[in-house]
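In: here's my sequence, what's the structure:
(one chain, ligands or ions: 2)
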Amino acid sequence: MSQFWKHHSHRVIPDKKNTLYMTVTGRPNAGKSSLLRNVLRRDVLDRFKITVGKRPGTTKRINQLSVLGGELTIIDFPGWGHLSSRSRKEKDQLLDAMATFFEKNGKKVILALHVIDIRTFRDVSLRLEKKGFIPIDLEMVQFLEEVMAKKSFIAIVLTKIDKFSDKEMLERELKLAREHLPSHIPIFPLSNKDKTGMYELQGTFLRYLRKYFSKEKLRDVFVFPSSR
Ligand SMILES: Nc1nc2c(ncn2[C@@H]2O[C@H](COP(=O)(O)OP(=O)(O)O)[C@@H](O)[C@H]2O)c(=O)[nH]1
Ligand SMILES: [Mg+2]
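Out: Ligands and ions are numbered 1, 2, ... in the order given. Predicted coordinates:
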């Protein structure tokens with residue numbers, strides 16, 4: 001267990017018995033809620049209080065949604081990373097709740113998507129790395145790997161690729177991210193806006209979820225790329 005997460009394991013998210021979990025994590029504004037809006041069916045979204053925000057930290061609470069007759073629980077974690085002293089307590093409480101949840105239920109998390117805004121990668125990760133800190137995104141991914149079962153699926157989603165009008169610049173940022181993220185974890189660059197790259201992510205995680213649930217059942221919850 002990395003030092004960082006050791007300090008954050010007190011608060012408890014109510015546990016549910018006999019459910020598997022799909023989690024979405026990432027800094028505020030990374031595009032977590034937008035991603036869920038793209039992969040979940042509309043009627044499912046209507047039950048899930050997902051807000052997509054312009055301001056960082058819009059999703060303040062931990063949103064949980066029970067699907068597939070209670071067999072799968074989808075969790076949209078709020079972002080963390082506000083360092084202002086006013087929100088520090090809130091941030092600590094959130095990290096506590098997340099760490100506690102993953103330490104208790106990690107083995108039941110079958111699918112974890114960690115979301116990073118590709119535009120912030122260079123700044124946030126590399127600046128920290130230069131100062132001798134492990135970037136928090138990297139730390140989160142390592143933490144997920146530690147607590148989840150070996151056969152579970154972890155992916156890193158790099159969002160907002162549509163923001164690059166210069167394709168060479170995008171390629172450079174993606175290359176940089178690939179060099180700094182663990183090479184054994186699949187990376188999906190995509191746009192929540194124009195849906196570029198969405199198909200690859202959906203295809204991969206839906207194929208994975210079919211190990212647990214029938215295609216018919218999954219169709220009740222997730223958008224299948226072909227049915228768009
Ligand atoms: N252009 C663009 N904007 C995005 C993308 N993903 C998210 N956004 C925008 O980024 C902001 C934060 O998104 P949100 O999903 O609420 O982030 P969250 O805090 O991680 O849940 C919103 O204004 C979204 O519309 C993307 O791939 N491309
Ligand atoms: Mg959100």
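
In: give me the next element, helix or strand, following the longest helix belonging to the chain.
Out: In the chain, assigned by DSSP state H, the helix with the most residues is helix 85-105. Downstream of helix 85-105, the next assigned helix or strand under DSSP states H and E is strand 109-117.

In: tell me what that following strand is packed against?
Out: Judged by 3 or more C-beta pairs under 8 Å, 6 or more residues apart in numbering; DSSP states H and E, the packing partners of strand 109-117 are strand 20-26, helix 32-39, helix 136-147, strand 153-159, helix 198-209. No exception for glycine: its C-beta is placed from N, CA and C like everyone else's.

In: any idea which of these gets closest to residue 189?
Out: For the helices and strands packed on strand 109-117, proximity to residue 189 was assessed by C-beta to C-beta; strand 153-159 is nearest, at 4.4 Å.

In: avg pLDDT for the closest one?
Out: Averaged over strand 153-159, pLDDT sits at 98.

In: mind saving the C-alpha coords of that strand as CSV?
Out: What follows is strand 153-159 as a C-alpha-only set of coordinates in CSV (Å, rounded to 0.1, in the frame of the first residue of the first chain):
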residue,chain,number,x,y,z
PHE,A,153,-10.1,-4.8,-15.9
ILE,A,154,-8.4,-1.4,-15.4
ALA,A,155,-8.2,1.1,-18.2
ILE,A,156,-6.9,4.7,-18.4
VAL,A,157,-9.1,7.0,-20.4
LEU,A,158,-7.5,10.1,-21.9
THR,A,159,-10.2,12.6,-22.7
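
In: can I get the helices and strands packed on strand 109-117 in CSV including distance to residue 69?
Out: Output for the helices and strands packed on strand 109-117, formatted as CSV (distance: least, C-beta to C-beta, whole Å):
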stretch, distance to residue 69
strand 20-26, 12
helix 32-39, 19
helix 136-147, 26
strand 153-159, 21
helix 198-209, 15
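
In: which of these has the lowest mean pLDDT?
Out: helix 136-147 (a mean of 91).

In: tell me what angle that helix forms with strand 153-159.
Out: 170 degrees (axes from the mean of the first three to the mean of the last three C-alpha atoms, to 10 degrees).

In: buried set for helix 136-147?
Out: 136, 137, 138, 139, 140, 141, 142, 143, 144, 145, 147 (16 or more other C-beta atoms under 10 Å).

In: so is the longest helix of the chain next to ligand 1?
Out: No - remark: helix 85-105 sits outside contact range of ligand 1, by C-beta under 6 Å from any ligand atom, the gap being at least 12.6 Å.

In: that'll do, ta.
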